[in-house]
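Trainee: Sharing a model that was predicted from the sequence below.
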Amino acid sequence: MKTNGFSFLILILLSACASHQAAPPNAPLLIPADIAGIVHAGRTNSKEEYALLDRLGADWTLLTFNWNRIEPAEGQWNFDYYDEFTDTAKAADKKIIAVLGYDVPWIHKDGKRHYFIPQDKLDFFVNYVRQVTAHFRGRVDAWCIWNEPNGHFWKGSREEFFELTRRAAAVVKETDPDVILLGGAFNRGVFGLPVQFIRGLFESGAMEKVDAVAFHPYELNPARTAKLYSSFRAIAAGYGFAGRIWITEVGYPTGGMYPTAVPEKKLPACVVKTFVNLAVSGAQKILWYQLFDPPNRVKTDSEDFFGLLRSRDDYTSKGAEAFRLCALHLAGTVYRPDLPLREGLPNSLRAFYFEKPEGTGTLVLWKEGGEVQVVLDGSAETYTVHEPISGNAAPLQMNTVTVGAMPVFVTWQGGEENIPVLRKKIR
């Protein structure tokens, strides 16, 4: 597609977004230029880590600005750790999502943390929100109220959490009216999607000042992750949030006891399929959990195996190259669900076409079950194939690629003008 045609398409998409109308079937979808991020990234404050984030195409990082660390005793404020993190991230041109949570021992009679704020102590939490948002005004790009309240991070009642969200949201917007504010941050939960909790939060009025809803679609595999996201989006749509969903955590451990664990060799495929499925379903941000495995992993603890890389000391990739390909080739594109054209190929072949403003075309291909040889019948001078495990790129030979469970990226110049028709190779 020519540049002027692409610009016209962008205007149409922006108009549709502004009107908050549901897009018709097969309508083009604008993928945000800053869609990609990584949870807990940048914590070493090192040039090497931020250079890595640049290479991976991560625009966002997320960190909990823990109340207990900021106000360890009543009225004793210490922002040093988060000042250093924030200043380093901003100097590296990274955007920050800061999570507001959790409790502090000194509000409880037994002097212990309980992941719960008693109603008669809520003013202390609200004051923490006021102090921290004022201190970091202009440096934090988005605040998120709490994390996974339907899990073990909140021990109070739903109604108490609704009130916490309502009061925290009011204070954030009073202190920093222009900052992005997220609420929810729900995960799947042991017994499935917490539908009543989600609906209750919206119907309580607690989300009236919130700009977007955060969601963590952890599931057994990419197909189930996409289905879970679709179910959540359907609920959010009823409250006007269908196009305002931020995935602030998603990932798969490569070890431990979690049922969502996947073999390490399959992680690159899971990264690509999950990222693509969520992006084409309208997720505004996708933050992968997380950047590194810790250096001393406990074999049975899945929390030690979520990294895209093996450790801070060993920058070898488990799924980082797959993430990089997604961030590099999907961010800032228009997804065209009506393309590419296909001839003689099974429905189990998944094909997604993305185009950048300068005219770069990208196809992401994979097949559910078995393999198929696909001929790319097009007019581009060169089609380049990118491999998610290593990230290596090479010219496509004979315009034919074998597509299986491991996705492949095919790129070219000329966009829609040179988009190939996909045909099954006849042996």
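Mentor: Cool, the structure landed.
Trainee: Give me the three-state assignment for residue 354.
Mentor: Following DSSP: H, G, I helix; E, B strand; the rest coil, we place residue 354 in the strand state.
Trainee: Let me know whether it touches residue 339 as I believe.
Mentor: No: in this structure residue 354 lies outside contact range of residue 339 using CB atoms under 8 Å: 9.7 Å. Quick note: C-beta positions are derived from backbone N, CA and C, even for glycine.
Trainee: Who has more neighbours out of these two?
Mentor: Neighbours per residue (other CB atoms under 10 Å) separate residue 354 from residue 339, with residue 354 holding more: 26 against 21.
Trainee: who's the more buried one bridged to?
Mentor: Residues in a beta bridge with residue 354, per DSSP bridges, are residue 335, residue 362.
Trainee: Quick one: residues contacting it.
Mentor: 31, 329, 330, 333, 334, 335, 336, 361, 362, 363, 364 (CB atoms under 8 Å, 6 or more residues apart in numbering).
Trainee: quick one: which of those residues is most hemmed in?
Mentor: Neighbour counts for these (other CB under 10 Å) peak at residue 361, which has 28 neighbours.
Trainee: Surely residue 186 is within a strand?
Mentor: Yes: under three-state DSSP, residue 186 falls within a strand.
Trainee: gap between it and residue 117?
Mentor: 18 Å (CB to CB, to the nearest Å).
Trainee: Kindly state the pLDDT recorded for the closest residue to residue 227 other than its chain neighbours?
Mentor: Nearest residue to residue 227, sequence neighbours excluded (CB to CB, 6 or more residues apart in numbering): residue 219, at 7.7 Å. pLDDT recorded at residue 219 is 97.
Trainee: for residue 312, same thing?
Mentor: Looking at residue 312, its pLDDT is 88.
Trainee: Just give the nearest non-adjacent residue to it, would you?
Mentor: Going by CB to CB, 6+ apart, residue 312 has residue 292 as its nearest residue, at 5.0 Å.
Trainee: The one you found contacts residue 309, correct?
Mentor: Yes: counting by CB under 8 Å, residue 309 is a contact partner of residue 292 at 5.4 Å.
Trainee: now residue 216: how far from residue 195?
Mentor: As defined by CB to CB, residue 216 lies at a distance of 15 Å from residue 195.
Trainee: So those two - more neighbours on which side?
Mentor: residue 216 (23 against 13).
Trainee: Low-confidence stretches in the stretch 301-427 of the chain?
Mentor: 427 (pLDDT under 70).
Trainee: can I assume residue 97 is in contact with residue 37?
Mentor: Yes: between residue 97 and residue 37 there is a contact under CB under 8 Å: 7.4 Å.
Trainee: When those two are compared, which one has more neighbours?
Mentor: The residue with more neighbours, out of residue 97 and residue 37, is residue 37; 26 against 23, by other CB under 10 Å.
Trainee: Sticking with the residue sitting nearest the centre point of the chain, tell me its helix or strand.
Mentor: Among the residues of the chain, the one closest to the centroid is residue 286, at 1.4 Å (CA atoms, centre = their mean). According to DSSP states H and E, residue 286 maps onto strand 285-288.
Trainee: try residue 48
Mentor: helix 47-56.
Trainee: got the buried residues for that helix?
Mentor: Across helix 47-56, burial judged by 16 or more other CB atoms under 10 Å covers 49, 50, 52, 53, 56.
Trainee: With adjacent residues omitted, what lies nearest to the fourth one?
Mentor: Of all residues not flanking residue 53 in the chain, residue 41 sits nearest, at 5.6 Å (CB to CB, 6+ apart).
Trainee: Which residues does the strand or helix carrying residue 168 contact?
Mentor: Using DSSP H and E, residue 168 sits in helix 158-175. Helix 158-175 has contacts (CB under 8 Å, 6+ apart) with 100, 116-117, 119, 122, 125-126, 129-130, 133-134, 137, 143, 145-146, 149, 154, 179, 181, 183, 196-197, 200-201, 204-210.
Trainee: can you do 6 Å?
Mentor: Helix 158-175 is contacted by residues 126, 129-130, 133-134, 143, 145, 149, 154, 181, 183, 197, 200-201, 204, 206, 209-210 when judged by CB atoms under 6 Å, 6 or more residues apart in numbering.
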